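Engineer: sharing a model that was predicted from the sequence below.
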Amino acid sequence: MEFKLGNLICEMGKKISGFWNIDGYEIPTTIINGKNKGKTVAISSGIHNCEYTGIQTAIEIAQELNPENINGVVIIFHPVNYSGFFNKVPAIIPEDNKNLNRAFPGNLDGSISEKIAYSFSKILYPQIDFFIDLHGGDLYEEATSFVYFPGIGKKEIVDFSEKVAQVLSTNYRVRSSATTGAYNSAAIQGVPSLLIERGGNGIWNKNDVINYKKDIFSILSYLEILINFKYKENLTQIEIKQANYISSYLEGYWYPRFRVGDTFEENVILGEVKDCFGKTLITYISEYSGVVLYQVSSLAIRKGEEILAYGKI
C-alpha cells in the first residue's frame, strides 16, 4: 500500500527522499515504506534549526533504514526548519520570525510557521501511530539527555507514551505540563508522542548521535517496526513529575552555578544575573532538591528569555 504525504508518494517496499512542499516551503523528507505492513511513525528533527544532534541523527537514520529492515512506514524530516538551518538563526523560522513549536496546531491561512504546523496537524498526524520529535540544546543552550512525554490527552495516549519512553537510555523522563508544541499537539489529536533532548551549544558529536540512534531504534523495535533490533527497558530511568522553568525578567549577564545533569539540594543558588559592572541583579534559589535539565550557556541574557529548567527528584 502506498503512503502519500502531500506531493510525496512512496510505494510499498520502496524508499524515497525529496521535499515535502507546504505552500512553497520545502522540508527535506525521507519515507521508508516496508515490504510488510506495520505501524506508521514520523520522526521530526530541526523544528529548532540549531539543535544539531537531533538533525544529524535524523539524517543518519534516514540513510540506514531500508524497506527490507522495517515493517510499516517511517517518515523522517531532516530538518523541518530548513531555511533557518542555513541562516543559523536559533529557534525561529526566518520567513515569519516565529518559533514553529509555538505555532501548533497551526492555521491554514496564517504565516508559514502556522501553515507548517497546520499541515502536520491535518495531513501528517491523522496517518501515523506514533510521533518522535528530536531536540537538544539550541545554539546557546545545553541539555542533559532526557525525554518528555505528554501530560495532556487521553489517559491511554499519555500512558502509552510514557511506557515507550522507558525504553530510552535517557536518565530522566519528564511529564510535560505544556499545552503547545508539535508532540503535545499530536497527543491531543490521539497520537502517542515523545520529545527527546540531547546535546546542544550548536555542536554535535558522534557519541551523542550514536546514543540518539540507539534510542530511536529501541522505539522502532518496541513498536515492532524495526527488524533484528532488541530494545531493553531502562530500569534506572527516573521520572520527574515536577519541573521549574526560570525566565529572566530583565536583561543582563548570566552566571550559572551548575552544569546540565548536575544534582543539587534545596535552597542553593542555581545562578545569578548581573549587570555589565558585575553587580548582582537577581539570584535564583532552588525550591527543592533536583537536577538541571537544560540551561542557557551564553553570557548574554535577554529580557523574558528562559534561562534554566530543573526537575524535582
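Structural biologist: Structure received.
Engineer: where along the stretch 1-150 of the chain do the helices fall?
Structural biologist: 52-64, 82-87, 112-119 (DSSP state H, counting those that start in this stretch).
Engineer: out of those helices, flag the one nearest Gly200.
Structural biologist: Of all these, helix 52-64 sits nearest to Gly200, with 7.4 Å by CB to CB. Every C-beta, even on glycine, is put in place using the N, C-alpha and C of the backbone.
Engineer: tell me the mean pLDDT for the closest one?
Structural biologist: Mean pLDDT, helix 52-64: 98.
Engineer: buried set for that helix?
Structural biologist: Using 16 or more other CB atoms under 10 Å as the test for burial, helix 52-64 gives Tyr52, Thr53, Gly54, Ile55, Gln56, Thr57, Ala58, Ile59, Glu60, Ile61, Ala62.
Engineer: same question, stretch 94-106
Structural biologist: By 16+ other CB under 10 Å, the buried positions in stretch 94-106 come out as Pro94, Lys98, Asn99, Leu100, Asn101, Ala103, Phe104, Pro105, Gly106.
Engineer: how far is the host helix or strand of Gly199 from where the chain is centred?
Structural biologist: Here Gly199 sits within strand 193-200, counting by DSSP states H and E. Counting by CA atoms, centre = their mean, to the nearest Å, strand 193-200 is centred 4 Å from the centre of its parent chain.
Engineer: now do stretch 103-119, average pLDDT.
Structural biologist: Stretch 103-119 comes out at a mean pLDDT of 97.
Engineer: apologies, that question was intended for stretch 154-165.
Structural biologist: For stretch 154-165, mean pLDDT is 97.
Engineer: cool, stretch 285-296 as well?
Structural biologist: Stretch 285-296 carries an average pLDDT of 98.
Engineer: I'd say Tyr25 and Lys115 touch.
Structural biologist: Yes: between Tyr25 and Lys115 there is a contact at 7.3 Å, judged by CB atoms under 8 Å.
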